[in-house]
Each structure stands twice: as structure tokens, then as C-alpha cells.
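Q: sequence and predicted structure, then a few things I'm wondering about:
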Amino acid sequence: MYNPYSLDGKTILITGASSGIGRATAIECSKLGANLILTARNEERLKSTLDSLEGVGHKMIVADLTLPADLECLVNSLPKLDGLVNDAGIVMSKPIPFVKKEDVEKVLEINTFAPIMLTKSILKKKLMSNQSSIVMVSSLAAITFAPGNSVYGISKSAIKTFAEYCAVETACKGIRVNSVLPGMVNTEMTRNLSFSSEELEADKNHYPIKRYGNPEEIAWAIIYLLSDATKWVTGTQIIIDGGVHLV
């Protein structure tokens, strides 16, 4: 059956694949026929994702992408790629007067520097095939503003902007680069925020659809950008937020 969103035969690297959006993206990609390479820092949870995939031949590589040696080892072990999903990230909520330099460095190291350097290394080694796709997982925080979200927001804004510059530089090589900007999603990272259940429920009511997103709903948008259905799409962002950016 014809399916423009099929990933059959495509080799895709997914970072942050041990949990949340990265895990969901890996599982959903496997259902559409992708050959997956998963990476994250937590070996046990990464193995859990690997065991949840459909199909055979997938592999996992445990790596901390903030460590140059780990990043180099990962890149040196990669085959030619048809897709790259930069998802690994952390969140921080802290009012500006209480932000420390160490806070900024930690968030930028994981959310910004690591995906930039991974993408740079993969491009330098010419590992992205013709008609391939790179997807950056940014955030709605890159374009909307809330108290306490400054450090996280700038880290994700930088990734969104990097994706746009990357799209300009790689289009001539047949490589597309786009980003997704999720709103609040039901993940462990969201549950670990310092908000009470009452505060979270109240926040959900600000969303026109009256709920947070699910990881799979972000994964489906990522799959759209990885697939041949978006051969003429590059340098753009998909906002996936239940309409909350409108209110």
C-alpha cells in the first residue's frame, strides 16, 4: 500500500532515545520500517527502548554527547544516515535572579552545544545521504515566554535558529533540516518539574485542547519531517502545542 510517510529502509539516528519524545520517536519509527541507531546516557533505559522496537537489526550506542570522546566514538561508528533526530535535552525552571553560571553552562551544554557538535561532526564526515533529513527537537519556549524559563528557552531558541542556518548550508547537498516546537508533553521530564498536580491541571486548562500532548504526537510530526512526504520542506518549524501559542 502506498504510504508517503513510510520510513522503510531508512537508517535513522535518534539521540535522547531512552525516554520521553526520543523513546516514542524510536518506537513509532520502527513501526514504519526504519533501521534505528539509538543513543543516550542511560544504558538500562536505552536497552528498554531497543527491546520495544518492531523489526530487527536496530542497535544502541551508550554515549554522553557532552563528552568529546563519547561523541567522536559515536560518530566514528555510524553508517550512512537517512535521518538524524536531535532530541536529547534537560529542562530547568528558575527565576533570573537565582540563575547561576553553572546552570546556564549545564543546560546549554546538553540542549545546545551537544546537538550542534553532533550535527557538525556528522556533516563533516559526510554521513548524511542525499535526500536525508535532520530534525531538531526545540520547544515552544523558543518563541513564547514564561517566568522562570529563560535558561531553557534560550537553549531551545538557539537550536531552532541553528536548524535554520543548517538548512541554508545543507540544501545544496540534498539535506533537509527542520525543527519541531512542542508545548508541554506528558513525559517524565514534565512530571519532574517543581509544580504541584493542581498547578499542572490549571496550566492544562490554558490549552485550547485542554490537555498536554503525548510523546507519540510529537513523534508523528518528527516522522513527517523524516519521511519523503517532506522532500520540499526545509528550514521550517512545526509548532505542536494544542493551540496554546494562540492564547
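A: Yep, that arrived.

Q: the longest strand along the chain: partners in the sheet, and parallel or antiparallel?
A: The longest strand of the chain (DSSP state E) is strand 128-137. Its sheet considered, strand 128-137 pairs with strand 81-86 (parallel), strand 175-182 (parallel) by DSSP bridges.

Q: what residues does the longest one touch?
A: Right, strand 175-182. Contact with strand 175-182 is made by 21, 123, 128, 130, 132-140, 142-143, 156, 159-160, 163-164, 166-167, 170, 213, 218, 221-222, 225, 230-231, 233-241, as judged by C-beta atoms under 8 Å, 6 or more residues apart in numbering. Bear in mind the C-beta positions are built from the backbone N, C-alpha and C, glycine included.

Q: now swap in the first one and tell me
A: Outside of strand 81-86, the residues within contact range by C-beta under 8 Å, 6+ apart are 7, 9-16, 22, 25, 34, 37, 115, 118-119, 122, 127-129, 131-137, 159, 222, 226.

Q: how far is that strand from where the chain is centred?
A: 10 Å (C-alpha atoms, centre = their mean, to the nearest Å).

Q: likewise for stretch 6-20?
A: So, by C-alpha atoms, centre = their mean, the centroid of stretch 6-20 is 10 Å from its chain's centroid.

Q: make 112 the first number, not 1, from now on.
A: Sounds good: first residue 112 from here, last item stretch 117-131.

Q: pull out the buried positions in that stretch.
A: Buried residues in stretch 117-131, counting neighbours by 16 or more other C-beta atoms under 10 Å, are found at 117-118, 121-131.

Q: then stretch 247-255?
A: In stretch 247-255, counting by 16+ other C-beta under 10 Å, buried: Met247, Val248, Ser249, Ser250, Leu251, Ala252, Ala253, Ile254.

Q: with just CA atoms, put the worst-scoring helix or strand of the chain on mean pLDDT into PDB.
A: When the helices and strands of the chain are compared on mean pLDDT, DSSP states H and E, helix 299-302 comes out lowest with a mean of 78. Only the C-alpha atoms of helix 299-302 are listed here, as PDB (Å, rounded to 0.1, in the frame of the first residue of the first chain):
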ATOM      1  CA  GLU A 299       8.900  12.100  32.900                       C
ATOM      2  CA  MET A 300      10.800  15.400  32.500                       C
ATOM      3  CA  THR A 301       7.400  17.300  32.700                       C
ATOM      4  CA  ARG A 302       6.400  15.300  35.800                       C
END
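
Q: which other residues reach the helix or strand that comes right after that helix?
A: Next along the chain after helix 299-302, taking DSSP states H and E as the criterion, comes helix 308-315. Applying C-beta under 8 Å, 6+ apart, the contact partners of helix 308-315 are Met295, Thr301, Leu304, Phe306, Lys321, Arg322, Tyr323.

Q: distance from helix 308-315 to the middle of the chain?
A: 25 Å.

Q: tell me the first helix or strand C-terminal of that helix.
A: In N-to-C order, the element after helix 308-315 by DSSP H and E is helix 326-337.

Q: and that following helix with strand 192-197, angle?
A: 140 degrees (axes from the mean of the first three to the mean of the last three C-alpha atoms, to 10 degrees).

Q: pull out the buried residues from helix 326-337.
A: So for helix 326-337, counting by 16+ other C-beta under 10 Å, buried means Pro326, Glu328, Ile329, Ala330, Ala332, Ile333, Ile334, Tyr335, Leu336, Leu337.
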